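>>> output the structure for:
(chains A, B and C)
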Amino acid sequence: METPVIYWFRRDLRLSDNSALNAAVNTGRPVVCLYILDESHSSPWRIGSASRWWLHHSLSRLMQQLRKLNTSLVLRLGDSKKELERIISETGAQSLYFTRHYEPESIKLEQELNHRLKSKVEVKRYKGYLLHEPEQVHTLNGEPYKVFTPYYKACMQQPHTHTPLKAPKSLKTYSNNLASDTLADWQLLPTNPNWAESFDSNWNPGEAGAHAMLHDFLNEPVNQYEDLRNRPDIAGTSRLSPHLHFGEISPRQIWTAIEQSDHHYSNSESPYTRQLIWRDFSHNLLFHWPHFPEQPFKKEFAAFPWRRSKKMLQCWQRGKTGYPIVDAGMRELWVTGWMHNRVRMIVASFLIKDLLIAWQDGQAWFWDTLVDANLANNSASWQWVAGCGADAAPYFRIFNPILQGNKFDPHGTYVRKWIPELAKLPDKFIHAPWQTPESILKDSGIKLGSHYPLPIVDHSIARQNALAALDKMKKHKKNS
DNA sequence: TGAAATGTTGGGGCG
DNA sequence: ACGCCCCAACATTTC
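Got it, this is the predicted structure:
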C-alpha cells in the first residue's frame, strides 16, 4: 500500500482555505487525518473549560465533514511529539503536513519536530492562521513593531491578493484501521452541573457555523460597525472570535468576503478589518515576546502593589460588584462563554483599577470562561487595559462604570437582559441603582443589598487609590 | 478605544 | 448703566 501523508489538524479545524490540508491532499497520496489533544506539557495555558466545550463540537463537526469524504479523524491523547512519532511509525508515513501557530509551546514544538523528524520524514509547515506572518512585518531596522499604528500601516503596504482555496472535493482514503479515541473519551463537555447549557443556543461551532456567522455580519452590521461596535445592547459585532480562534474560518476568507461585499469601506480603511490586524498584532507580540502572557511588557509594572483579595475577585467573577454594567458583562460571560468587547474593557478596567487586582487574575478567569480564549489576544488585551502592554492605554485612563454604562447602554437594555432583578429600574438609575430614591426602589421591587448588591467599592475613592498605587510603583522604580 | 479637575467665557439676574 | 455673582458651556490640563 502507498505510504500516506499525515495531516495534523491543530487550530485549523476547517476544510476550505486550508493551504496545508490542500497541499497534503494534492500529493495524491492517502491522507491520515489526525488530531492530538495534548495536556502533557507544563504550560499553565492548557485549554480552558469553555474552550473545551467548543473544541468538542468543532471536532465533532469536522468528523462529520470528513466522513462525507470517506475519511475519519484519528483522535489521540498525549504528548504531541510522541504521538506524531507513533503514528508515523504505525503508518510508515513519509510526510507530515500542518499549519503553523505562534504560542511559545507551539513554536518550541515546531522547532523540535523540525530537528527530530526531518531526517526521517518530510515536515511541511504552512501559514494560514494570520493575515501577516511575524517575520513578514518589521521596522526598517528589522525590529518587530511595538506600536499598533505603524504596524498597521506596514501591513497595509503588503499585497493582499490571495484567493481563498476551496475545500478538497475528495481525498485518497487511508484504508488501514488506526487506533483512535472517541470524542466521548476525552470528556470535554461539562457534566454535573452542565454550565454550558445555554451555549448551544448562542453558538454553532464548526466551519458551517462560522460561515453562517460571517454571512449574517456581512448582511448589515459590518456597514454600521464603526457606530455600533461599542453598543453591547445592539448586535453590531461579528462574533467570529471563537470561530477564528479554532481556525474554522481563516482571516483571509473574512478579508476577501468583506472586500467582495458591498461594504462602504475599502479594506484598508474598514474599521472592522482593522480589528483583524489587531489580531495579527497580538500574535506578533506573543511570537516575539513569549513571556507576554505572564509578565508585564513594561517592566516597571512588576513592582505594582496589587491587592490579593480573593473575596473581591469572586464578586467580580460572579457579577456581584454592584456596578450593573460590570455585573451584566460578567454574567453574559458566564452564561454564553463570550462578552461584548466594549464590556470586556469596562470589566477589565474595573478589576485592575477599581479593585487593584492583578491583570493576570482577570486573564486567567477569561482564559477559563471564554469560548474564544486565545493566548495572544487575551494577554495583549489585558495588558493593554492595565497600561503595562505594548502600545497600551495609559494607566491613568480609568473607566467610570456609570458613565460607560450611560454612554454605551443608554437605555439599560443590556443590563436588564443580564440582570433581570434590575429590570424595573427607570433608565435614569439603571447604571447606578444605589442613587435611586427609596420610593422608586420600592416601586421597582428592589431591595439593594439583598436582591442586588450595593457597590463593593466607591468608584471615586477607588480611582484615587488606583492613582496612588501607580505613584507607589513609580517611587519603587526610582529607588531601585 | 477617558475622566476629573481646573480654567475661560459669556449671558442673565440683581442690587 | 454698571459691577458683581452665579453658573452653564466649552476648552485645557492633569491624572
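
>>> contacts only, for whatever residue of the stretch 251-400 of chain A ends up closest to DNA strand B.
Across the stretch 251-400 of chain A, the shortest distance to DNA strand B (CB to the nearest atom of the strand) belongs to A:Asn400, at 3.8 Å. Heads up, the C-betas are built off the backbone N, CA and C, glycines and all. Neighbouring residues of A:Asn400 by CB atoms under 8 Å, 6 or more residues apart in numbering: A:459, A:463.

>>> in three-state terms, label A:Trp8 for me.
Look at A:Trp8: counting by DSSP: H, G, I helix; E, B strand; the rest coil, its state is strand.

>>> okay, it and A:Arg100: tell me how far apart.
In this view, A:Trp8 and A:Arg100 are 11 Å apart by CB to CB, to the nearest Å.

>>> same question, A:Leu84
From A:Leu84 across to A:Arg100, the span is 15 Å (CB to CB).

>>> which residue of those two possesses the greater neighbour count?
When A:Leu84 is set against A:Arg100 and neighbours are counted by other CB atoms under 10 Å, the residue ahead is A:Leu84, at 25 against 17.

>>> ok but the more buried one is inside a helix, no?
Yes - secondary structure of A:Leu84, determined by three-state DSSP: located in a helix.

>>> these two touch, right, it and A:Arg116?
No - judged on CB atoms under 8 Å, A:Leu84 makes no contact with A:Arg116 at a distance of 9.4 Å.

>>> would you list every one of the strands in chain A?
A:5-9, A:31-37, A:73-77, A:95-99, A:122-126 (DSSP state E).

>>> A:Gln360 is nearest to which of the ones you listed?
Taking CB to CB, strand A:31-37 is the member of these nearest to A:Gln360, at 25.4 Å.

>>> also compute the angle for the closest one relative to strand A:5-9, please.
Here strand A:31-37 runs at 40 degrees with respect to strand A:5-9, directions being taken by axes from the mean of the first three to the mean of the last three CA atoms, to 10 degrees.

>>> now tell me what touches strand A:31-37 from outside.
The list of residues contacting strand A:31-37 from outside it, by CB under 8 Å, 6+ apart, reads A:4-10, A:24-25, A:59, A:62, A:66, A:71-78, A:80, A:83-84, A:87, A:91, A:93, A:171-174, A:178, A:186.

>>> same thing with stretch A:290-298?
Around stretch A:290-298, the neighbours that count as contacts under CB under 8 Å, 6+ apart are A:44-45, A:104, A:107, A:285-286, A:289, A:302, A:304, A:360, A:363, A:375-376, A:378-380, A:383, A:386-390, A:392.

>>> follow-up on the earlier one: give me the buried entries from the contacts of strand A:31-37.
Neighbour-count burial (16 or more other CB atoms under 10 Å) is assigned, among the contacts of strand A:31-37, to A:4-10, A:24-25, A:59, A:62, A:66, A:71-76, A:80, A:83-84, A:87, A:91, A:93, A:171-172, A:174, A:186.

>>> now do A:Val385 against A:Ser49, distance only.
Counting by CB to CB, the gap from A:Val385 to A:Ser49 is 23 Å.

>>> the more surrounded of the two?
Taking neighbours as other CB under 10 Å, A:Val385 and A:Ser49 compare with A:Val385 leading, 25 against 17.

>>> wait, the more buried one sits on A:Ile352?
Yes - in this structure, A:Val385 sits in contact with A:Ile352. The criterion is CB under 8 Å, and the distance is 6.2 Å.

>>> quick one, phi/psi of A:Asp233?
Note on A:Asp233: backbone dihedrals following degrees, to the nearest 10 are phi -80, psi 0.

>>> DNA strand B contacts on chain A?
Contact residues, chain A versus DNA strand B (CB under 7 Å from any atom of the strand): A:148, A:275, A:278, A:342, A:345, A:393-394, A:396-400, A:403-404, A:407, A:459-460, A:463.

>>> now a ChimeraX select for only the buried ones of those.
Selection of buried members from the residues of chain A next to DNA strand B for ChimeraX, criterion 16+ other CB under 10 Å:
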select /A:148,275,278,342,345,393,398,399,400,404,459,463
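
>>> list the contacts of the residue in chain A that DNA strand C sits nearest to.
Using CB to the nearest atom of the strand, the point where chain A gets nearest to DNA strand C is A:Leu467, with a distance of 3.8 Å. Taking CB under 8 Å, 6+ apart as the criterion, A:Leu467 is in contact with A:396, A:398.

>>> just the pLDDT for it.
Reading off the per-residue confidence, A:Leu467 sits at a pLDDT of 95.

>>> any idea how far A:Ile461 is from it?
Counting by CB to CB, the gap from A:Leu467 to A:Ile461 is 11 Å.

>>> just A:His476 next, same as before
Between A:His476 and A:Ile461 the computed distance is 23 Å (CB to CB).

>>> just to revisit the earlier point, measure the residue of the stretch 251-400 of chain A closest to DNA strand B to A:Arg29 for me?
Noted for A:Asn400: a distance of 61 Å to A:Arg29, by CB to CB.

>>> low pLDDT regions in the stretch 201-350 of chain A?
Flagging of the stretch 201-350 of chain A using pLDDT under 70 yields an empty set of residue ranges.

>>> can you give me the helices in it?
Using DSSP state H, counting those that start in this stretch, the helices of the stretch 201-350 of chain A run over residues A:207-219, A:225-228, A:241-245, A:251-260, A:271-288, A:310-318, A:324-336, A:341-349.

>>> domain ranges for chain A?
Per the record's domain assignment (automatic domain parsing), chain A is made up of the domains A:5-128, A:130-164+A:206-288, A:299-474.

>>> now which of the contacts of stretch A:290-298 would you call buried?
A residue is treated as buried here by neighbour count (16+ other CB under 10 Å); on that basis the buried members of the contacts of stretch A:290-298 are A:45, A:104, A:107, A:285-286, A:289, A:304, A:360, A:363, A:375-376, A:378-380, A:383, A:386-390, A:392.

>>> tell me which of these fall in helices.
For these, the ones inside helices are A:104, A:107, A:285-286, A:360, A:363, A:375-376, A:378-380, A:383, A:386, with DSSP state H as the criterion.

>>> quick check: the farthest pair among those residues?
Farthest pair in these, by CB to CB: A:Ile107 and A:Ala386, 24.7 Å.

>>> who touches A:Val385 in this structure?
Neighbouring residues of A:Val385 by CB under 8 Å, 6+ apart: A:345, A:348-349, A:352, A:359, A:392-393.

>>> do the same with A:Ser238
A:Ser238 makes contact with A:213-214, A:217, A:221-222, A:254, A:272 under the criterion CB under 8 Å, 6+ apart.

>>> swap in 10 Å and give it another go.
With contacts taken as CB atoms under 10 Å, 6 or more residues apart in numbering, A:Ser238 has the following neighbours: A:213-214, A:216-218, A:221-222, A:225, A:229, A:244, A:254, A:258, A:272, A:275-276.

>>> quick one on the thing from earlier: distance to DNA strand C added to the ones in helices among the buried ones among the contacts of stretch A:290-298, as TSV?
As requested, those are exported to TSV (distance: CB to the nearest atom of the strand, whole Å):
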residue	distance to DNA strand C
A:Pro104	35
A:Ile107	38
A:Leu285	25
A:Leu286	29
A:Gln360	24
A:Gln363	25
A:Leu375	31
A:Ala376	29
A:Asn378	27
A:Ser379	25
A:Ala380	23
A:Gln383	19
A:Ala386	16
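
>>> fine by me, thanks again.
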